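In: fold the following for me, if possible:
(chains A and B)
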Amino acid sequence: MSDAYLVEPDMGFIKEVAALGGGDLKKCYQCATCSVVCPISPDNKPFPRKEMIAASWGLKDKLVGNADIWLCHNCGDCSTRCPRGAKPGDVLSAIRAYAISEYAIPKALGKAVNDPKKLPFLMAVPAAIFLLIILVAPFLTPILAHIVPILFHAVHEGEEIVHSSFIPSGFVDMVMVPTAIWAVTIFVLGLKRFIADIHANALLEGKTDQKTIVPAEFVKALLRVIPTILKHDKFNECTDNRERSTAHMMVLFGFIGLFIVTSIFFVVMYIFSIPGPYSQLNPVKWLANFSGVALVIGSSLMIKNRLAKKDSVSAYKDWALLGLALGLGVTGLLTEMTRLGGIAWLTYLLYYIHLILIFCLFAYLPFSKLAHLVYRTVAMTYAEYACRK
Amino acid sequence: MDKKYGVYICTGCGIGDALDIDGLCATVKKARKTAKTHPFLCGHEGVAMLKKDISEEGVNTLVIAACSRRVNFDIFRFDGCIVDRVNLREQVVWSHPKGDKSLDVNHTQMLANDYLKMGMIKVEKIQLPEPYKLESFTRKILVIGGGITGISAALDAAKIGYDVTIVEKEAKLGGYAAKLRKQLPVASPYTNLIPPVISDKIRELESFSNITVKTGTTVARIAGQPGDFTVTLKKPGESLEFDVPFPLPPEMKVDENGKDLDKDKLNELYKEFNKGKNDILSFDPNGEKFGAVVLAAGWRPYVPAEGELTHLGYGAIADVITNHQFEEIAAKGKIVRPSDGREAQSVVFIQSPGQGDDKDFAYTGAITSMVALKQAKYVRDDFPDGKAYIFYQHMKTPGLQELFYKSLQQDPGIFLTKGEVVSVSKNGSGLVVEADNTLLGEKIQVKADLVVLGTGMVPATVDDPVVNLAYRQGPGFRDNAIFNGYADSNFICFPYETQRTGVYAAGCIRRGLTMEESMEDAAGAALKAIQCVESTNRGVAVHPRSGDMSFPDFFFQRCTQCKRCTEECPFGALDDDEKGTPKPNPTRCRRCGTCMGACPERIIGFADYNIDSIGSMVKAIEVPSEDDFDEPPMRILGLVCENDAYPAIDIAGLNRLQFSADVRLIPIRCLGSVNVIWIKEALSKGMDGVFVLGCKHGDDYQCHFVKGSELASIRMKKIGEALASLALEVERVAQFEIAIDEFDKVPTIINDFVKLVTDMGPNPLKGF
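Out: The predicted structure is shown next:
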């Protein structure tokens, strides 16, 4: 009797997964076509058949801490071939969204991020912060400029439009740096539980031979996995939605490029004390523009794909992320263009919006679909480490 | 009838190219008959020629040597004429190499020649059948059972204009259908439970003046035969002199040493055994007349025996109940536990007893899957947080009921998994169900307030003959055991047809069915009953030889009262009197000829199919001897069942599969009709071997007449002993099985047997 698993279905979980885009999960009749056609599912305990029944039985604890839901790349081969239209790909996607909000604290924020009705409030927070900065900047900047001149310019001389004279970089970083730290902290806290859970689950379900997690080996596994992620090797094994791989790659590299640019300029500003804006001839600027364009094209393609796909579900969580990516790219590029074009009021407005979006990106990252960046990387690393085949 | 013969040889379809037609014509001439040839006999010109001969020359007995009797049968049917078809196409030229006309020994030609001679002698020996007409006849239909099936059948028959009487043993119509909370859907969109349809049906029934309802009534006996049944009705539990007598059980038919008792002693015992009951041959003068019977007596809930399901807690734990008990609770109100009356918010439905076997409970079929789904819905309807679990080995959702399954699946509180339930045990005031090999990948436990076992529906025929037929073979259906007690004669073919002509089963007495299926079944059985009375009225067989006008004729002067025909008839068509003389009931008969095959005195035959007609065909086969040949070719007789085997051979020919030309095939109605005299005659005239080719027998039989091929196999075994006494190898006589789709096996079966016989050498009796 002791080795039997006591099943206690959580009907609330079923309803939530349904609301997150897994509305067809109960259509599954366990034929396992999905597990057979999935190009990336392992041979031992393949997904998503077992996840489908666990979901329809409301077995939250078998899913939230299950690394397999993250190995899925939502390419949709299973959904296309499902004879019942249960859309396993979308169900796993919904379960992942649920798992993200389970690991990110405070949970209430996670719920809010997945709730379209809460969007205005979430956007209002950065809007208010930056509005406040815009209002107080003219009074505080002259004082602060004496202390850290590089961060708090007095109003610029000459014709050139400089965003930092509208909202000084110091204020921006005063907001963004803590926000980034907040995001990292939430991730660290979440990952601690996440790794423990997926390991426990793998042990319970016989998906690994590794008894414990050796940190050094885990890092080595991470290094082995990173090229796979960058090259989108797993994504490319899919048949039905392979074009999404290219779009996804553009978005990913766009973000990586922009991250590199931001880091370089951060160093340039704080260590070498050279304030922006920088010349368009600067190779870092090339990377910035190139990444921005990649982000816009990539996210536009993904939106187009989603609009064209009638057989898969696109929930709020998907639109929110794609909207954010596109918004970031578009406002970023337009801010730059209007600056160069000399339309001051418009460029300041766009910069304001751009900052709001960046805040959303950082502050809500651990709660949004974008958190897959972290969880999927960790899960793939764990699979590599645990020799999941 | 004065026969005027005409033999017509078609030379089309390759026959003329492969055979020496002049040679065949010479054979006809030798038989003092006239032969005509035509290049396209089934065409307008050919048929016109035949019709002209019939009308102008007075030809009334035609031998048509052309294609198989299975094709163009409508073209070559001429009223008032005897027609035989010699199968030169499929079974000669298409299945054998084109003979060299210049050679002395031309096996294909010899084959065609023999077939022609066999056809010519056959028409000499047969007569045109005349229909059997009953002296008194009624079209009234008796429906046994006033549940959803019986009522539907009555309505269907009444709508077409037939008088129907429903007898129902309970005081009220409706049966189980009237005792439910809700029922499964019967119409599109098939997604929701509906109120039981039975009350509407009963209301509809009242508007038909040609339907008589007798509640609180059962059948004491049904005597006579289709078209003229005499039925005695009674109140349940009543004892009448017209209660049906039962045959002696086998253990009473032998003495203490196990020896068979003699006829007089048996009669004496039989009378004692059925004291107070009139014999089957005496008819109730007050009986009601019916033409056919629809048997819709339904079922009773299965009750597990004590100790049968202890691992599931049945009997020991009050909250482990059957689906029937659950339905009773549901019909009263909210789902509550029998033990303490508390609400049952979590209910586990178990569909299979488990214990290493994936079989469902006995007498279930698809219906219990559907019932579990329905009852799961009750739980969800009663309690917003209610949970219903279904553990199944098979989820069977017949037809569009799958839509109900699909819709129910969507309910977040219904949990389905395949799995084997290992145990049900108590856990405080609740229960714990443990299951293994589930789709959840491991052994699991579920907490339950109530456990429901998906037990089956036992057909009424398990407990009681119900129909109480005054037949010598007994009041119920024979061999119901191979159908698990269901009133059926084959689970796939012949729906509604029981093993008794004129009695058509429908609904849950035939298999576990949903209400929707039962109503459909009722229509089927009602139509069968109508087919029966109408065919009986025209004096033709009902099925499977629908329209056959022949019936067995007995030459009673030579009957030795051995009772073999009475006992072996698969349909109980024959009753016998005290002395054992058979009393035929032609409208019960299905014309298989099993009685003819059984009769050792060979006194039974049909106008167009009898001992002499087939025997003469056997005799017409030319057996080459050493006088004519250095090495005479083998001659082997094949008696071929015309239901599956003969068509299979035709299809083999159609596919140009080749087999030995040493074999002569004769189509027969059923292997049951094979009289061993034909085999003896074949061997004694020097034929080297005989095989019978027919349907599969045993529990999964495919025999169209239920027992025919099985009886043949018993007779073949017995003939083996006789052969041994004649110093003939027993292997010279064999029986093979074939299904209609196994035409590819035909050459192997035939050629292997020919090789076996060839290896044994020629029949030593040859030439004597």
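
In: around chain A, which positions in the stretch 351-500 of chain B sit nearby?
Out: B:385, B:387, B:395, B:406, B:409-413, B:415-418, B:434, B:439-447 (Cβ under 8 Å from any Cβ of the partner chain). Where C-beta positions appear, they are placed from N, C-alpha and C, glycine not excepted.

In: would you mind giving the secondary structure of the closest residue to B:Phe743 other than its chain neighbours?
Out: Leaving aside its sequence neighbours, B:Phe743 sits nearest to B:Ile651 (Cβ to Cβ, 6 or more residues apart in numbering or on different chains; 3.8 Å). Here B:Ile651 is helix, with the state taken from DSSP: H, G, I helix; E, B strand; the rest coil.

In: okay, and which of the residues of the stretch 351-500 of chain B next to chain A map to helices?
Out: The members of these that map onto helices under DSSP state H are B:Lys406, B:Gln409.

In: mind listing what residue 122 touches?
Out: Using chain A. By Cβ atoms under 8 Å, 6 or more residues apart in numbering or on different chains, the contact list for A:Leu122 reads A:Ala112, A:Val113, A:Cys360, A:Tyr364.

In: my bad, chain B
Out: Each residue near B:Lys122 by Cβ under 8 Å, 6+ apart is listed here: B:Asp84, B:Ser613, B:Ser616, B:Met617.

In: swap the cut-off to 6 Å and go again
Out: B:Lys122 is in contact with B:Asp84, B:Ser613, B:Met617, counting by Cβ atoms under 6 Å, 6 or more residues apart in numbering or on different chains.

In: what of B:Ser425?
Out: Applying Cβ under 6 Å, 6+ apart to B:Ser425 gives the contacts B:Val432.

In: sorry, back to before: out of the contacts of B:Lys122, which end up buried?
Out: B:Asp84, B:Ser613, B:Met617 (16 or more other Cβ atoms under 10 Å in any protein chain shown).

In: from A:Leu301, how far off is the last one?
Out: B:Met617 is 82 Å from A:Leu301, where distance means Cβ to Cβ, to the nearest Å.

In: what does B:Pro624 give?
Out: To A:Leu301, B:Pro624 is 86 Å away according to Cβ to Cβ.

In: could you give the number of residues near the one residue in the stretch 151-300 of chain A that gets nearest to chain B?
Out: Chain B sits closest to A:Glu205 of the stretch 151-300 of chain A, with a gap of 7.2 Å, by Cβ to the nearest Cβ. Neighbours of A:Glu205 under the rule other Cβ atoms under 10 Å in any protein chain shown: 16.

In: swap in A:Ala137?
Out: 20.

In: and it, its phi and psi?
Out: With angles defined as degrees, to the nearest 10, A:Ala137 sits at phi -50, psi -50.

In: and for B:Thr322?
Out: Backbone geometry at B:Thr322, expressed as degrees, to the nearest 10, gives phi -90, psi 170.

In: same check, this time on A:Ala108
Out: The phi/psi pair for A:Ala108 (degrees, to the nearest 10) reads phi -60, psi -40.

In: tally up the residues packed near it, please.
Out: Applying other Cβ under 10 Å, I find that A:Ala108 has 11 neighbouring residues.

In: hmm, B:Glu742 and the residue nearest to B:Phe743 touching each other?
Out: No - the pair B:Ile651 / B:Glu742 is not scored as a contact, 9.4 Å apart, by Cβ atoms under 6 Å.

In: would you state the strands of the stretch 201-350 of chain B in chain order?
Out: B:211-215, B:218-225, B:228-234, B:288-290, B:292-295, B:299-301, B:320-322, B:346-350 (DSSP state E, counting those that start in this stretch).

In: what's the answer for the stretch 551-700 of chain B, then?
Out: Using DSSP E, counting those that start in this stretch, the strands of the stretch 551-700 of chain B run over B:553-554, B:574-576, B:582-584, B:604-605, B:636-641, B:663-668, B:689-694.

In: quick one: A:Cys31 is in a helix?
Out: No - assigned with three-state DSSP, A:Cys31 falls outside any helix and is coil.

In: can you read off the pLDDT for it?
Out: Listed pLDDT for A:Cys31 reads 93.

In: next: A:Gly257.
Out: We have a pLDDT of 94 for A:Gly257.

In: got it, and the one 3 residues further on?
Out: On the pLDDT scale, A:Ile260 is placed at 93.

In: in the host helix or strand of it, what's buried?
Out: Counting by DSSP states H and E, the element that carries A:Ile260 is helix A:242-270. Buried residues in helix A:242-270, counted by 16+ other Cβ under 10 Å: A:244-255, A:257-258, A:261, A:264-265, A:268-269.

In: repeat for stretch B:705-725
Out: Neighbour-count burial for stretch B:705-725 [16+ other Cβ under 10 Å]: B:705-713, B:715-716, B:719-720, B:723.

In: nearest to chain A among those?
Out: B:Val706 (38.7 Å).

In: now do the same for the residue nearest the centre of chain B: helix, strand or coil?
Out: Per Cα atoms, centre = their mean, the C-alpha nearest to the average position across chain B is that of B:Ser489, at 4.2 Å. Three-state call for B:Ser489 (three-state DSSP): coil.

In: A:Val36 too?
Out: When classified by three-state DSSP, A:Val36 comes out as helix.

In: tell me the confidence at the nearest residue to it once chain neighbours are set aside?
Out: Distances taken as Cβ to Cβ, 6+ apart put A:Pro46 closest to A:Val36, at 8.0 Å, once the chain neighbours are dropped. Per-residue confidence (pLDDT) for A:Pro46: 91.

In: was I right to think A:Pro46 contacts A:Val37?
Out: No - applying Cβ under 6 Å as the test, A:Pro46 and A:Val37 come out as separate, 10.4 Å apart.

In: ok now stretch B:461-470, how far from the chain's centre?
Out: Put simply, stretch B:461-470 sits 18 Å off its chain's centre (Cα atoms, centre = their mean, to the nearest Å).

In: mind checking the pLDDT average for that stretch?
Out: Mean pLDDT, stretch B:461-470: 95.

In: flag every buried residue along it.
Out: B:Thr461, B:Val462, B:Pro465, B:Val466, B:Val467, B:Asn468, B:Leu469, B:Ala470.

In: got it, and stretch A:342-350?
Out: Buried residues in stretch A:342-350 (16+ other Cβ under 10 Å): A:Thr347, A:Tyr348, A:Leu349, A:Leu350.

In: tell me how many other residues crowd the closest residue to A:Ile134 other than its chain neighbours.
Out: Excluding the flanking residues, the one nearest A:Ile134 by Cβ to Cβ, 6+ apart is A:Ile167, at 6.1 Å. By other Cβ under 10 Å, 19 other residues sit near A:Ile167.

In: one step back: what packs against the helix holding A:Ile260?
Out: Secondary-structure packing of helix A:242-270 (3 or more Cβ pairs under 6 Å, 6 or more residues apart in numbering or on different chains; DSSP states H and E): helix A:283-308.

In: let me know the pLDDT of residue 233.
Out: Since you didn't name a chain, this refers to chain A. Per-residue confidence (pLDDT) for A:Asp233: 86.

In: can you look at chain B instead?
Out: Note on B:Leu233: pLDDT of 97.

In: state the phi and psi torsions of the residue found closest to it once you drop the neighbours it is linked to in the chain.
Out: Nearest non-adjacent residue to B:Leu233, counting by Cβ to Cβ, 6+ apart: B:Thr217, 5.1 Å away. Here is the backbone geometry of B:Thr217 (degrees, to the nearest 10): phi -140, psi 140.

In: strands along chain A, start to end?
Out: Using DSSP state E, the strands of chain A run over A:5-7.

In: and it, which residues reach chain B?
Out: Neighbours of chain B within chain A, by Cβ under 6 Å from any Cβ of the partner chain: A:Ala4, A:Tyr5, A:Leu6, A:Val7, A:Pro9, A:Met11, A:Ile14, A:Lys26, A:Gln30, A:Lys50, A:Ile53, A:Trp57.

In: so which of these wins on neighbours?
Out: A:Trp57 (27 neighbours).
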